[in-house]
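Colleague: need a 3D model of the following:
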Amino acid sequence: ALAIPFGGLVGPIVAVVAMQLQILLDCSDGEVARWRQRFSPAGIYLDRIGHYVTEGAIPVAIGLRADGWSLSAPGDVGGWTALGMLVALGVLLNKAFTDLVHVARAKTGRPPLEDVEGTARPKASGMARLRRAFDYVPIFRAFVAVEASILALVAAVVDTVHGDLLGPQVSVVAMV
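Modeller: Next up is the predicted model:
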């Protein structure tokens, strides 16, 4: 996320490569833990921290880029950064609400929910229809770090072609 605000394409390319590396390491350490049958609360905690930090930081970084701010030329931030922070708040609240389901179950002595499709599917018919619509147009994926970094790269390409900050500005509005 720190690389995204750098001007040009280099920063977003670094972000995409870093996210691919993070997901490779994230998947690998999980596989090793399952293979060795070694699970720990610290491992789960660190895994979640990594996801929360990157998935919260990327919208802010896109907002910073949309404001024309960069680590190489820091300046004032404005409304685009505020919108990026609003998206980050929504991402982090969504993650917290999801985790609080597990916390509430654990604190009341109930078993963990199974990680199966039936558990995640809403039961109310209107919400179920809405969820099925998102199967065809998965806009919610823009809030996952790997896809968000790709969105930042696409925005940087638009910047390069268009010659202004249109790409990240449209990205921030779309994410809101």
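Colleague: CA atoms for contacts and neighbours, from now on please.
Modeller: Will do.
Colleague: show me what the helix of greatest length in the chain is packed up against.
Modeller: Taking DSSP state H as the assignment, the helix of the chain that covers the most residues is helix 79-107. Helix 79-107 is packed against helix 41-66, helix 166-175, with contacts defined by 3 or more Cα pairs under 8 Å, 6 or more residues apart in numbering; DSSP states H and E.
Colleague: out of these, the one nearest A82 is which?
Modeller: helix 41-66 (7.1 Å; Cα to Cα).
Colleague: about what we covered before: any chance of a markdown table for the helices and strands packed on helix 79-107, columns distance to V14 and mean pLDDT?
Modeller: Below are the helices and strands packed on helix 79-107 laid out as a markdown table (distance: least, Cα to Cα, whole Å; pLDDT from 0 to 100):
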| stretch | distance to V14 | mean pLDDT |
| --- | --- | --- |
| helix 41-66 | 13 | 91 |
| helix 166-175 | 16 | 92 |
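Colleague: and the longest helix of the chain, how far from the chain's centre?
Modeller: Centroid displacement of helix 79-107 relative to its chain, using Cα atoms, centre = their mean, to the nearest Å, is 11 Å.
Colleague: then stretch 70-79?
Modeller: For stretch 70-79, the distance to the chain centre is 22 Å (Cα atoms, centre = their mean).
Colleague: just the CA atoms of that stretch, as PDB, please.
Modeller: Extracted C-alpha coordinates of stretch 70-79, given in PDB (Å, rounded to 0.1, in the frame of the first residue of the first chain):
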ATOM      1  CA  SER A  70       3.200  10.800  -2.800                       C
ATOM      2  CA  LEU A  71       6.000   9.700  -0.500                       C
ATOM      3  CA  SER A  72       8.400  11.200  -2.900                       C
ATOM      4  CA  ALA A  73       6.600  14.600  -2.900                       C
ATOM      5  CA  PRO A  74       4.400  14.800   0.200                       C
ATOM      6  CA  GLY A  75       1.900  17.600   0.400                       C
ATOM      7  CA  ASP A  76      -1.600  18.300   1.600                       C
ATOM      8  CA  VAL A  77      -4.300  15.700   1.400                       C
ATOM      9  CA  GLY A  78      -7.900  16.400   0.700                       C
ATOM     10  CA  GLY A  79     -11.300  14.900   0.000                       C
END
